[in-house]
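1. sequence first, predicted model second:
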Amino acid sequence: MTTTAPTSPYRVDRNTLRTNQAFIVGLSVLAFLLGTEAGRWVVLGTALVMSLGTLHEGLALFKQVHRRILKPAGILPANVHIEDPMPHQFAQAMGSVFLFAAFAALVGGAVALGWVLTWLVAALAFVNLTVQFCAGCFVYFQLDRRGLLPSSIASTRTAS
C-alpha cells in the first residue's frame, strides 16, 4: 500500500516574510534614530503598513518589495514552503497592535514605554529574520491548541 503526503493549498515564501521582517527592523531603528518627534510617525506608518497587509495580502507593501522587485530581479529568489500563512498573519497583526500602542505612548508622553514597545517588535522581527523563530506564530499555535482562537482564523487541522 502506498501512502501519499496530504497536499496543502497553502504556500508561504519565507523570503517574502524575511523581507517584511527586515523592513520592520529597519524602520523601527530608523524611527528611534530620528527621535520621538519624527520617529513616532515612522512607527505609525510601519503599524499601518503591517495592519493593512494583515487585512489584505495585496496591501502588504513590505512583502510586495520582495514579490515585485527583489524576486524578479534575481536578488532574493523564492523560498516557498508548504505551510499555513495564518500564523504569520496573526504574528503580523500582533506586531501592528504593539506598534499602534507604541505610537500612542510616544504621542501621549510615555516615551520610554513607546520605545520599549517599538524595540520589542523590532527584536522579535530580528529573531524571526535571523533564526526563524516566530514568537507571534508560537502564540498563535498555543492559543489554537487550547481552542482559544475564533474559528475564522483557527487551524483547520483535525485533532488526533
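-> Received, thanks. Residues are numbered from 1 along each chain as shown.

2. quick check: the residue nearest to the spatial centre of the chain vs Thr36, distance?
-> Nearest residue to the geometric centre of the chain (CA atoms, centre = their mean): Gln92, 3.1 Å. Using CB to CB, to the nearest Å, one gets 25 Å for the distance from Gln92 to Thr36. Heads up, the C-betas are built off the backbone N, CA and C, glycines and all.

3. wait, isn't the residue nearest to the centre of the chain in contact with Gln21?
-> No: contact criterion CB atoms under 8 Å: Gln92 and Gln21 do not qualify, at 9.6 Å.

4. below-threshold pLDDT in the chain: ranges please.
-> 1-8, 156-160 (pLDDT under 70).

5. strands along that one, start to end?
-> For the chain, the strands defined by DSSP state E cover 12-13, 80-81.

6. got the contact list for the residue nearest to the centre of the chain?
-> 20, 50, 53-54, 136 (CB atoms under 8 Å, 6 or more residues apart in numbering).

7. in CSV, list those along with distance to Leu124 and neighbour count.
-> As requested, these are exported to CSV (distance: CB to CB, whole Å; neighbours: other CB atoms under 10 Å):
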residue, distance to Leu124, neighbour count
Asn20, 13, 26
Met50, 12, 28
Gly53, 17, 21
Thr54, 16, 20
Gly136, 7, 21
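
8. show me how far the longest helix seen in the chain is from its chain's centre.
-> Using DSSP state H to define each element, the chain has its longest helix at helix 86-108. With CA atoms, centre = their mean, to the nearest Å as the basis, helix 86-108 stands 10 Å off its chain's centre.

9. next, the buried residues of that helix.
-> 86-106 (16 or more other CB atoms under 10 Å).

10. same check, this time on stretch 144-158
-> 144, 149.

11. and it, C-alpha only, in CSV?
-> Extracted in CSV, the C-alpha atoms of stretch 144-158 (Å, rounded to 0.1, in the frame of the first residue of the first chain):
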residue,chain,number,x,y,z
ASP,A,144,-5.0,27.3,18.7
ARG,A,145,-4.0,24.2,20.7
ARG,A,146,-6.2,25.4,23.6
GLY,A,147,-9.2,26.2,21.3
LEU,A,148,-9.0,30.0,22.1
LEU,A,149,-8.9,31.3,18.5
PRO,A,150,-12.0,32.3,16.6
SER,A,151,-13.0,29.7,14.0
SER,A,152,-12.3,32.2,11.2
ILE,A,153,-8.6,32.1,11.9
ALA,A,154,-8.1,28.8,13.8
SER,A,155,-6.2,25.9,12.3
THR,A,156,-8.1,23.6,10.0
ARG,A,157,-6.2,20.5,11.1
THR,A,158,-8.1,17.8,12.8
